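Engineer: fold the stuff below for me.
(chains A and B)
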Amino acid sequence: MYCLLKLAPLFLAVAVCNGWLFGDFVGKQKEQDEISLWPLPQKFQSSAVAFKLSPASFQIVHAKQSSAGPSCGLLENAFRRYFEYIFGDLKKPEKSRKKVYDSDLVELQVWVTSADPKCDDFPSLQTDESYELSIDEPSAVLKAANVWGALRGLETFSQLVYEDYYGVNNINKTDISDFPRFAHRGILLDSSRHFLPLKVILANLEAMAMNKFNVFHWHIVDDQSFPYMSRTFPELSQKGAYHPFTHVYTPSDVKMVIEFARMRGIRVIPEFDTPGHTESWGNGIKDLLTPCYSGSSPSGTFGPVNPILNSSYDFMTQFFKEISTVFPDAYIHLGGDEVDFRCWESNPDIEKFMAQQGFGTDYSKLESFYIQRLLDIVAATKKGYMVWQEVFDNGVKLKDDTVVEVWMGNKMEEELQNVTRAGFTTILSAPWYLDYISYGQDWQHYYKVEPLSFPGTDAQKKLVIGGEACLWGEYVDATNLTPRLWPRASAVAERLWSDKSVTDVGNAYNRLVQHRCRMVKRGIPAEPLFVGHCRQEYKGL
Amino acid sequence: MYCLLKLAPLFLAVAVCNGWLFGDFVGKQKEQDEISLWPLPQKFQSSAVAFKLSPASFQIVHAKQSSAGPSCGLLENAFRRYELHSPLFTFEPVLLYDSDLVELQVWVTSADPECDGFPSLQTDESYELSIDEPSAVLKAANVWGALRGLETFSQLVYEDYYGVNNINKTDISDFPRFAHRGILLDSSRHFLPLKVILANLEAMAMNKFNVFHWHIVDDQSFPYMSRTFPELSQKGAYHPFTHVYTPSDVKMVIEFARMRGIRVIPEFDTPGHTESWGNGQLDLLTPCYSGSSPSGTFGPVNPILNSSYDFMTQFFKEISTVFPDAYIHLGGDEVDFRCWESNPDIQKFMAQQGFGTDYSKLESFYIQRTQSKGYMVWQEVFDNGVKLKDDTVVEVWMGNKMEEELQNVTRAGFTTILSAPWYLDYISYGQDWQHYYKVEPLSFPGTDAQKKLVIGGEACLWGEYVDATNLTPRLWPRASAVAERLWSDKSVTDVGNAYNRLVQHRCRMVKRGIPAEPLFVGHCRQEYKGL
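Structural biologist: Alright, predicted model coming up:
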């Protein structure tokens, strides 16, 4: 055990001591074993030549040619973050440095090449996240079109640094050219079944950045509670949250989440799921939900949003107008899943309306009627939308840029075929419902999923723009969410970022063991994959 | 949602507003629903009359008649702990109102309060609690019962609508159904920092558990730092400095547990599960053979060398002085015979002893020679017919034929504890605590005398998939289900009622700093503040 431990820091050096290794990692199992990059870059070459990094002299700086400079707050912030990840939060030692040796790496130059570095922008579905990284003395160079690629490259750079036998930070001569396989790589968190304190959300955004995730799908409200504090309709959270003060997200909380995510190249896509999953909305907005009937009189319970009242649409118009200004992303997730028709069926006014519209007894037509009007409302705010697969299945007319999220485990491939045949972009979450736990290394199942294995044309496959790992909130809150999500979600991260050919589970295991220890060292309580230890164990509880 | 929240603090008051309720809780589902005591006391009566507790005036004190006084460090420490749980001291002028509860008098009745003793299997943990103005009285034979009563007292306190601490007029007479109520933690598959162990001892006390079964070493690592054989952890731990328990760490665990009425029973599992021992102890393990030559790998402890027994004698001499409990767990489970079978010296020895090819006889031969003070063993040791001392505790852990095993062990006259249904490392989606809750340890066919030999059980959280990052929320409140099964009356089996109380109990743990995970959707007034 002791011997193993001593060897750990030498892994990288030993792995590559036969000079340069070329290739894109396909079929090079041996070398992969000892490298703990996660997710694995697309193209990679490394040599045994190692440089030392001194906390006294090493710097991350803007390259002279870079379009970004000290006024780029996003990068300045990132430089400090990654310096701390690499060297720990040691106070920077006194300036008695200046002793630079030949074998030192003195700086990482970050070179943003396009005229507009996008320092103050938000990442989007179209964002170019590619980067090139060249480690050589005396300077390493990270080249990217914009800050978003630079962020990804900084993470990779920090993962290349390892401690040698004496605890000195080393990095090997390396060239990397990297880009994501899929553009949409998301994590869904659910703050309605359990309220998630801001601290938990921010910590998970940190962990997402460490895994190159770029979308936070915020399932913010649902039946159980409405923690989003609306300026237009404050009674929604006043009456719909678990507690109106301690269990809500204020406008400034939401702003902080969005900015914290932006600094890490992560989009925030809020989900306001209607017409089902809306019980908590009804507490604050009278007449929004359908009154259910028991026989000929109202039973006192309520069902989905009432689709036959104009007031419902007036409310949605105002509400989504607010949402479209609060959340800068081009997309809003409108939900549309699991609508229970029983309440609608029981209500005589709804029955009458169905007859008038000629819907017969096909309540999915009523659902479509609602969704269609909602989509028009949201489209008027200039936002794109995402929906759960039922909306597509029910034949609702969708805008061309709609993203359909496939979540149902059965007939998943068939659904992907249908959605893409109809020409819609889609993301996959069906195989990645991480709230379903079981004994053992379930991360391997998530890892083995190939999103493009369904039968279809190349054009169809191009429409699959990514996927999401979903951690629904029934059984998780601040006490257990973070260790349950990480490193299981890391398996999804690599599937969505790395090349299709990166499928060796044994190799992934070796890298992921080290990656999870890296997360622990950075303060994320990522749970263990199996027996073993981290040099630095988690210090919290 | 909002309405529900407002009502929560009123639960207790509402529940009992029809005057006194008598009974031992059997069949009184309605009243149980609103009471968040966990585990449920054996006998309980409560009224709607509520007293207020002022942080300025309320005190926990020794009763005049008590044999324990200010020199009883264990109780003084406990008084402070429980005053912190029911919040805050201020030093404002003391204004007493008629409706105030001004003190809890703790009355230890036996001549020796056992302030400086250690809890044992024979410890009397019963207590009586009477809440009435102006003083509440907690009566127990010794400090161990007093500790259990203090926990119950703290669970009776609730905040009213204005945030004031209230407690209702109540009488409780309580005692555990089973004497051995344990939690197994495994510090070998993953090293558990001291902080994690201490936090879980805290949580154990909140659930009236009284045994910490410390599966301290195993194949994967040897974090116990031995004074006699320091090379065991130097070479066998994951890291010789950062991943070990020093003698003072072990002392701290034992004392921290003692202060909470918890026994610490260390397990040093042999002859199998010993790979990490071999790193520091040359020739201790059996060399496995591949054909006619050693393969370079090692198997169980080598049972044919005198040196093995000399080592064990010295080692367990140390262990028996370091750990004060009357019992040591000697393991004895899952011995893999393949290595022994491969070794020609072992084969020769088998022939000499007349064991034929029955390697369980060799195992028994080994176990027989390593017995020390009181010991616990895993069920295989009994199954293999090893001759055991009368006071041996056999731990039944195999899920299949569990009832048959309980029958056999008790028919042979041995005391036993049950852990088979409570392997909490096996996780699944949903509310698995209900399965643990529904277990009835005495459902096996047998005489009353046999049933009496079942002295308790243990919830086991084996360490393959847990470490400091996820252990505590994975254990709590799932282990709480086992806690109630082992403490409360056999008749306390209503899952719906248990759910309601457990929801509140888990929020109480969260409030006290334990990251106990949620049972299902909902919220705690005070959510966990850590990560």
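
Engineer: residue nearest the centroid of chain A?
Structural biologist: residue A:186 (3.0 Å; Cα atoms, centre = their mean).

Engineer: helices along the stretch 151-300 of chain A, start to end?
Structural biologist: For the stretch 151-300 of chain A, the helices defined by DSSP state H, counting those that start in this stretch cover A:198-210, A:235-240, A:251-262, A:279-284.

Engineer: of the ones you listed, which is nearest residue A:303?
Structural biologist: Proximity to residue A:303, assessed across the helices of the stretch 151-300 of chain A by Cβ to Cβ, is greatest for helix A:279-284 (8.9 Å). For the C-beta atoms, the positions are set from N, CA and C on the backbone; glycine is no exception.

Engineer: any stretches of chain A with poor pLDDT?
Structural biologist: A:1-35, A:89-100 (pLDDT under 70).

Engineer: give me the residue from the stretch 101-250 of chain A nearest chain B.
Structural biologist: The stretch 101-250 of chain A approaches chain B most closely through residue A:242 (3.9 Å), counting by Cβ to the nearest Cβ.

Engineer: and that residue, how many residues sit next to it?
Structural biologist: Per other Cβ atoms under 10 Å in any protein chain shown, the neighbour tally for residue A:242 reads 26.

Engineer: again, but for residue A:128
Structural biologist: 16.

Engineer: hang on, it packs against residue A:146?
Structural biologist: Yes - applying Cβ atoms under 8 Å, one finds residue A:128 in contact with residue A:146, separated by 6.4 Å.

Engineer: rewinding a little: quick one: closest of the helices of the stretch 151-300 of chain A to residue A:471.
Structural biologist: Between residue A:471 and the helices of the stretch 151-300 of chain A, the shortest gap by Cβ to Cβ is with helix A:198-210, which sits at 9.1 Å.

Engineer: which elements pack onto that closest one?
Structural biologist: helix A:147-160, strand A:184-190, helix A:251-262, helix A:481-485, helix A:505-521 (3 or more Cβ pairs under 8 Å, 6 or more residues apart in numbering or on different chains; DSSP states H and E).

Engineer: how about those, which one is nearest residue A:466?
Structural biologist: strand A:184-190 (3.0 Å).

Engineer: name the helices or strands packed onto that closest one?
Structural biologist: Packing partners of strand A:184-190 (3+ Cβ pairs under 8 Å, 6+ apart): helix A:198-210, strand A:215-219, strand A:464-471, helix A:488-497.

Engineer: got the residues of the stretch 401-541 of chain A near chain B?
Structural biologist: A:435-440, A:473-480, A:482-484, A:520, A:523-528, A:530-533, A:535-541 (Cβ under 8 Å from any Cβ of the partner chain).

Engineer: one step back: now the helices of the stretch 151-300 of chain A as TSV including mean neighbour count?
Structural biologist: Formatted as TSV, the helices of the stretch 151-300 of chain A follow (neighbours: other Cβ atoms under 10 Å in any protein chain shown):
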stretch	mean neighbour count
helix A:198-210	21
helix A:235-240	21
helix A:251-262	17
helix A:279-284	22
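
Engineer: end to end, how far does stretch A:492-512 reach?
Structural biologist: Taking Cα to Cα, to the nearest Å, stretch A:492-512 runs 12 Å from one end to the other.

Engineer: need the contact list for residue A:439.
Structural biologist: Residue A:439 makes contact with B:425, B:426, B:427, B:428, B:465, according to Cβ atoms under 8 Å, 6 or more residues apart in numbering or on different chains.

Engineer: determine which two of those are furthest apart.
Structural biologist: Spatial extent of these (Cβ to Cβ) is set by the pair B:428 and B:465 at 13.0 Å.

Engineer: what about the residue lying closest to residue A:463 once chain neighbours are set aside, which helix or strand?
Structural biologist: Nearest non-adjacent residue to residue A:463, counting by Cβ to Cβ, 6 or more residues apart in numbering or on different chains: residue A:420, 4.3 Å away. Secondary structure from DSSP states H and E places residue A:420 in helix A:412-421.

Engineer: kindly report the same for residue A:141.
Structural biologist: strand A:139-144.

Engineer: and that strand, what other elements does it pack with?
Structural biologist: Applying 3+ Cβ pairs under 8 Å, 6+ apart, one finds that strand A:139-144 contacts strand A:107-112, strand A:131-135, helix A:147-160.

Engineer: each with direction, which strands does that strand pair with?
Structural biologist: According to DSSP bridges, strand A:139-144 forms sheet pairs with strand A:107-112 (parallel), strand A:131-135 (antiparallel).

Engineer: in a markdown table, list the ones you listed along with mean neighbour count.
Structural biologist: Shown next, in a markdown table, are the strands paired with strand A:139-144 (neighbours: other Cβ under 10 Å):
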| stretch | mean neighbour count |
| --- | --- |
| strand A:107-112 | 23 |
| strand A:131-135 | 22 |
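
Engineer: which residues of the stretch 51-200 of chain A lie near chain B?
Structural biologist: Within reach of chain B by Cβ under 8 Å from any Cβ, the stretch 51-200 of chain A has these residues: A:193, A:194, A:195, A:197, A:199, A:200.

Engineer: test my guess that the fourth one contacts residue A:478.
Structural biologist: Yes - with contacts defined as Cβ under 8 Å, residue A:197 counts as touching residue A:478 at a distance of 5.3 Å.

Engineer: looking at these two, which is more packed in?
Structural biologist: residue A:478 (25 against 21).

Engineer: around residue A:426, how many other residues sit close by?
Structural biologist: Residue A:426, neighbours per other Cβ under 10 Å, totals 26.

Engineer: need the three-state assignment for it.
Structural biologist: Following DSSP: H, G, I helix; E, B strand; the rest coil, residue A:426 is assigned to strand.

Engineer: got the contact list for it?
Structural biologist: Counting by Cβ under 8 Å, 6+ apart, residue A:426 has contacts A:403, A:404, A:405, A:406, A:416, A:419, A:420, A:463, A:464, A:465.

Engineer: any chance of the residues you listed in CSV, with neighbour count too?
Structural biologist: CSV is the format used below for the contacts of residue A:426 (neighbours: other Cβ under 10 Å):
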residue, neighbour count
A:403, 22
A:404, 26
A:405, 28
A:406, 27
A:416, 26
A:419, 26
A:420, 22
A:463, 19
A:464, 21
A:465, 17
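
Engineer: quick check: closest non-adjacent residue to residue A:511.
Structural biologist: Spatially, and ignoring its direct neighbours in sequence, residue A:511 is nearest to residue A:36 (4.9 Å; Cβ to Cβ, 6+ apart).
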